[in-house]
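Asks: need coordinates for the below:
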Amino acid sequence: MNPQTPQDRKVRVGIIGVGNCARALLEGIAFYRHDPAATEGLMHPRVGPYTAGSVEPVAAWDVDAEKVGKPLWDARAAGQNLSVGIPWSDLPPVGEDVTVMRGPTLDGAGTRYRERMELAPDWPNYDGAEIIEQIRESRVDVLLNYLPVGSQHATEWWAQIALDAGCAFVNNIPVFIARKDYWRDRFRQARLPLIGDDIKSQLGATYLHRIIVQAFADRGITLDRTYQLNVGGNMDFYNMLEDARLASKRESKSSAVTDAYPRELDPANVHIGPSDHVAWLGDTKKAFIRCEGRGFGGAPIELDVTLTVPDSPNSAGVVIDAARIAKLALDRQDAAAADHVSAWLFKAPPRAVASIPDQTAKDRIGAWLTGGEER
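Replies: Below is the predicted model of the structure:
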């Protein structure tokens, strides 16, 4: 933990993977710094003393030859990264003094990724000592994991680095860290916040789907069958064309929806997951949700919803809260708060809180943020 004076209220973050989601976060920070009074798009304009503009990128790692060695602000628009729809041309750069460093590849670059990018010269020191030193020299408070879907080994490697370096860890991707007791217990013992797993986008398909199935239950409607199909045009969707990397993604999205429905659903009647890459969509994501059920007297009910959203800013609107809450938990030495923020902001939180309603998780975080006793 890094003590700060009241004049230096920053959330110092290290970014693991400078892809489109990281780009949206950087441009969003610049947007809210440019207009500190702006509150649109923010669930919490303030988290303790921290505004959206308080988030300060101080370190970043990648494996892409077009990003490693560049200033972070330049790297955010390099390689296969796409425009994310934030008007940034007149914004002051964020992270221009941070050089993107080479991280270990491990399983972080799958077959599809390597079709479109060249790996930077390899980083040979895999014991992590060099990166721990980089984290400490940069005084990182919170590590943000933005590795590609399917990077289980690499994410575990970075989680261990966070423990060894003494900083919080926010796992934005669908591999299981916070959900596993092994990691949760170790972070708790170290009094370090562990938040995750897998971003539940600000107004994303999973959040909307959870609301719908909860409404079925609340209104006495039996849900028989449901699906959620997602398409997009960014590298996240291109990476997910590699089916071998999708097991945890499908489990994360499916459990996030079925956990919100209090009755048993036949797994054969639930299909939730990424569907295809449509290049011309760019960073736009389209989700198709269908629910079939039975109402009063068994009368059939069918519901179809189409959601169109900017994919990466939808993620950044959640990460901007997760990073600040992680820092406030460090300030308060209260790592236990990570459970309920995980339940509110992530698809696959620890099992102990996975089934609580979104509103309950939101209320508990609200009480914690205002200094209440509720957990």
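
Asks: so residue 253 belongs to a helix, correct?
Replies: Yes: Residue 253 forms part of a helix when assessed by DSSP: H, G, I helix; E, B strand; the rest coil.

Asks: so what's it closest to, chain neighbours aside?
Replies: Leaving out its chain neighbours, the residue that sits closest to residue 253 by C-beta to C-beta, 6 or more residues apart in numbering is residue 272, at 4.8 Å. All C-beta spots, glycine's among them, are computed from the backbone N, C-alpha and C.

Asks: got it, and residue 71?
Replies: residue 96 (5.0 Å).

Asks: what is the neighbour count of that neighbour?
Replies: 12 (other C-beta atoms under 10 Å).

Asks: surely it touches residue 73?
Replies: Yes: under the criterion of C-beta atoms under 8 Å, residue 96 makes contact with residue 73 at 4.4 Å.

Asks: how near is the residue nearest to residue 71 to residue 18?
Replies: Remark: distance between residue 96 and residue 18 (C-beta to C-beta, to the nearest Å) = 13 Å.

Asks: for the nearest residue to residue 47 once chain neighbours are set aside, give me its contacts.
Replies: For residue 47, ignoring the flanking residues on the chain, the nearest one in space by C-beta to C-beta, 6+ apart is residue 324 at 3.7 Å. Applying C-beta atoms under 8 Å, 6 or more residues apart in numbering, we find residue 324 in contact with 11, 44, 47, 48, 50, 52, 54, 55.

Asks: can you map out the strands along this structure?
Replies: 11-16, 46-47, 50-51, 55-62, 101-102, 142-145, 168-171, 194-195, 222-232, 270-277, 284-294, 300-310 (DSSP state E).

Asks: how about those in a markdown table, adding mean pLDDT?
Replies: Converted to a markdown table, the strands of the chain look like this (pLDDT from 0 to 100):
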| stretch | mean pLDDT |
| --- | --- |
| strand 11-16 | 98 |
| strand 46-47 | 96 |
| strand 50-51 | 97 |
| strand 55-62 | 98 |
| strand 101-102 | 96 |
| strand 142-145 | 98 |
| strand 168-171 | 98 |
| strand 194-195 | 98 |
| strand 222-232 | 97 |
| strand 270-277 | 90 |
| strand 284-294 | 98 |
| strand 300-310 | 97 |
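
Asks: turn those into a markdown table, including distance to residue 355 and mean neighbour count.
Replies: What follows is the strands of the chain, written out as a markdown table (distance: least, C-beta to C-beta, whole Å; neighbours: other C-beta atoms under 10 Å):
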| stretch | distance to residue 355 | mean neighbour count |
| --- | --- | --- |
| strand 11-16 | 29 | 28 |
| strand 46-47 | 26 | 18 |
| strand 50-51 | 30 | 22 |
| strand 55-62 | 31 | 25 |
| strand 101-102 | 40 | 20 |
| strand 142-145 | 25 | 25 |
| strand 168-171 | 20 | 30 |
| strand 194-195 | 18 | 30 |
| strand 222-232 | 16 | 19 |
| strand 270-277 | 16 | 18 |
| strand 284-294 | 19 | 19 |
| strand 300-310 | 23 | 13 |
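
Asks: export these to CSV and tack on distance to residue 83?
Replies: Shown next, in CSV, are the strands of the chain (distance: least, C-beta to C-beta, whole Å):
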stretch, distance to residue 83
strand 11-16, 19
strand 46-47, 28
strand 50-51, 25
strand 55-62, 19
strand 101-102, 25
strand 142-145, 21
strand 168-171, 25
strand 194-195, 28
strand 222-232, 14
strand 270-277, 17
strand 284-294, 10
strand 300-310, 10
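
Asks: so which of those strands gets nearest residue 113?
Replies: strand 55-62 (11.4 Å; C-beta to C-beta).

Asks: okay, the angle between the closest one and strand 11-16?
Replies: Computed by axes from the mean of the first three to the mean of the last three C-alpha atoms, to 10 degrees, the angle separating strand 55-62 from strand 11-16 equals 20 degrees.

Asks: how far off centre is strand 55-62?
Replies: 15 Å (C-alpha atoms, centre = their mean, to the nearest Å).

Asks: please apply the same query to stretch 221-241.
Replies: 17 Å.

Asks: now do it: distance from first to last residue.
Replies: This stretch, stretch 221-241, spans 35 Å end to end (C-alpha to C-alpha, to the nearest Å).

Asks: and stretch 120-140, by the same measure?
Replies: 24 Å.

Asks: in the stretch 51-200 of the chain, what spans have low per-residue confidence?
Replies: Filtered on pLDDT under 70, the stretch 51-200 of the chain yields the residue ranges 123-126.
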